[in-house]
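Novice: sequence below, structure please.
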Amino acid sequence: YQNSGFLDSKIFEPVVGRGQKGLTVTIRIFEGRQYRVGEVRFSGESGIPEETLRKTVKLNRGDLFNRETLLSDLLALTTLVNDEGYAQALVSPGVEKRKEYPVADVTYRFERGTKFRFGKVEISGNTKTLDRIVRHNLDVSDGRTYTATGLKTSKENLTRTSYFKDVKISTAPSAVPGEMDAKIEVQEGPTGTLSGGLGYSSLDKIFGVVQLSENNLFGRGWKASLNSQFGARRTTYSIDFRDPHFLDSDFSLLLSAYNTRTKYTDFERKSTGGRAGLGYNFTRFTNASLSLRADTTRILQVGTAASQILLDEFAKGLQHTRSLTFGMNRNTTDKFIDPSRGSVQSGSVEYAGGPLGGDSQFVKYFLNAKAFYPVTASTVFSWNALWAHAVPTVSGGEIPIFERFFLGGPYSIRGFRSRELSPKDPNTGEAIGGN
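Specialist: Below is the predicted model:
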């Protein structure tokens, strides 16, 4: 009732009586008049322009009065003043009901108090993770102006790393006047995994998997993984390393190497290569990267392929690819591993050949977006959209078949057989991949 404008409503004690079929419970309710919001005023010293205050509050003139919205406005306004350094600021509501009309005027009263800055920001509980790695994820530091939002985002940042099982942040006035100390308490969590197994799929038939990964190597935030998959149709070995704060900076370092063998219905692909790249973190959520890839691929004939396009690929023998990729990524998910809310958007351009050398000459474009929405405590709804395009960079050139797109199957579009969605050779009907 209070959230539907009935400010005078009362709920009386229930009355329990006996009925013909059992007990009856009677609850008397007095609704009273349904109020709407009248004037919205601000009093006291907030130090914030009134225009900003009005944009912050959700209770507007003419709306049905909603007590829950009022409490939300108080929290938002308090945070707004806290972020200016007033750690002990108070914002209290004043609601004045008019007698002649069902209208309630609202006044937000501000008491700023003393302006604070952060004194000592202490970290405890990090028995494995280095202090500087923890501080890289903090939006507060010694001597900075006090900010409530900075404390909140610091906890979110530390949680997103998945280094810790629990993160607690508390504040207390310092012995120095005008300073507020912050205490960051973390509890180290498991960051490494070793897994293996055997399986069967319609795509890979019988296969085995062994994976070893560590997301906080030596407590330095380094991410390293060894992956292997072996089976009748696919054999893959890869090693990856990423330092998100290369040389204790906002740059990141990426190194990877791989060796793969994949057997399709019409050809077999063998590849060996690696990638090295540098990234830069513009904000907590946005980064860019530049990486160099070197790859050696051989396409082998399987069965009796008749397509001239496939036969030409078989005749090329060992093909070398040298490419440079520029990418942008924005990630606002609550956790990097198994997120439950937030979104990820990314885009990249890969240029191969030209002055970089190699046999492949093409440009590839990728755009990707995905989002996560919590449905229940243990259920998350997500969607993923991917667009890609490849074009040759020399007149009359062709995209190598191992750089073309084949869709269908469990790794791309379910409901279709593996690599079923592809342009076909008009003469033989064999899949030749699209751009």
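
Novice: every contact and neighbour count from this point should use C-alpha atoms.
Specialist: OK.

Novice: so who does the residue nearest to S9 when sequence neighbours are not counted touch?
Specialist: Leaving aside its sequence neighbours, S9 sits nearest to E31 (C-alpha to C-alpha, 6 or more residues apart in numbering; 4.3 Å). Going by C-alpha atoms under 8 Å, 6 or more residues apart in numbering, E31 touches 1, 6, 8-10.

Novice: for the most centrally placed residue in the chain, give me its contacts.
Specialist: Taking C-alpha atoms, centre = their mean, the centroid of the chain lies closest to T333, which sits 2.4 Å from it. For T333, the contact set (C-alpha under 8 Å, 6+ apart) comprises 160, 339-344, 372.

Novice: hmm, try it at 6 Å
Specialist: Listed by C-alpha atoms under 6 Å, 6 or more residues apart in numbering, the contact partners of T333 are 339, 341-343.

Novice: would CSV of those with distance to E122 be doable?
Specialist: Formatted as CSV, the contacts of T333 follow (distance: C-alpha to C-alpha, whole Å):
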residue, distance to E122
P339, 28
R341, 29
G342, 29
S343, 32
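
Novice: can you tell me how far V140 sits from M180?
Specialist: Distance of V140 to M180, computed by C-alpha to C-alpha, to the nearest Å: 11 Å.

Novice: which helix runs longest in the chain?
Specialist: helix 67-82 (DSSP state H).

Novice: quick one: contacts of that one?
Specialist: 2-3, 57, 91, 147-148.

Novice: re the thing from before, number of residues surrounding the closest residue to the residue nearest to the centre of the chain other than its chain neighbours?
Specialist: Distance criterion C-alpha to C-alpha, 6+ apart; nearest residue to T333, sequence neighbours excluded, is G342 at 3.9 Å. Here the number of neighbours of G342 (other C-alpha atoms under 10 Å) works out to 16.

Novice: gap between G342 and T159?
Specialist: If you go by C-alpha to C-alpha, the gap between G342 and T159 works out to 14 Å.

Novice: cool, I48 as well?
Specialist: 31 Å.

Novice: same check, this time on L255
Specialist: According to C-alpha to C-alpha, L255 stands 25 Å off from T159.

Novice: poorly predicted segments of the chain, please.
Specialist: Applying pLDDT under 70 to the chain flags residues 202-203.

Novice: what about the helices in it?
Specialist: 50-56, 67-82, 131-136, 148-160, 308-316.

Novice: for the longest one, buried residues please.
Specialist: When burial is assessed from 16 or more other C-alpha atoms under 10 Å, helix 67-82 yields the following buried residues: 67, 70, 73-74, 76-82.

Novice: format those residues as TSV; extra columns: distance to F116.
Specialist: TSV is the format used below for these (distance: C-alpha to C-alpha, whole Å):
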residue	distance to F116
R67	31
L70	27
D73	23
L74	20
A76	19
L77	17
T78	15
T79	14
L80	14
V81	11
N82	9
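
Novice: now the two most distant members of those.
Specialist: Within the buried residues of helix 67-82, two members stand farthest from each other by C-alpha to C-alpha: R67 and N82, at 22.5 Å.

Novice: just the contacts of T333: which are in strands?
Specialist: The strands, defined by DSSP state E, take in 342-343 from these.

Novice: which of the contacts of T333 lies closest to V167?
Specialist: P339 (17.1 Å).

Novice: OK, contacts around that closest one?
Specialist: T333.

Novice: can you get me a residue count around the closest residue to L311 other than its chain neighbours?
Specialist: Once flanking residues are discounted, L311 sits nearest to A305: 7.2 Å by C-alpha to C-alpha, 6+ apart. A305 has 16 neighbours, counted by other C-alpha under 10 Å.

Novice: look up how far N427 lies from A305.
Specialist: 12 Å.

Novice: what does T69 give?
Specialist: 67 Å.

Novice: what of Q88?
Specialist: Distance from Q88 to N427, by C-alpha to C-alpha: 78 Å.

Novice: who has more neighbours, those two?
Specialist: Per other C-alpha under 10 Å, whichever of Q88 and N427 has more neighbours is Q88, with 15 against 9.

Novice: kindly provide the distance from that one to Y146.
Specialist: 10 Å.

Novice: before we move on, what about L130?
Specialist: 24 Å.

Novice: between the two, which one's more packed in?
Specialist: Between L130 and Y146, Y146 has the larger neighbour count (other C-alpha under 10 Å), namely 27 against 13.

Novice: and that one, what does it touch?
Specialist: By C-alpha under 6 Å, 6+ apart, the neighbours of Y146 are 85, 116-118.

Novice: same thing but at 10 Å, please
Specialist: By C-alpha atoms under 10 Å, 6 or more residues apart in numbering, the contact list for Y146 reads 82-87, 115-119, 140, 178-182.

Novice: so what's Y163 up against?
Specialist: 126, 128-129, 134, 186-192, 215-216, 219, 221.

Novice: try 6 Å this time
Specialist: G189.

Novice: phi, psi of it?
Specialist: phi -80, psi -30 (degrees, to the nearest 10).
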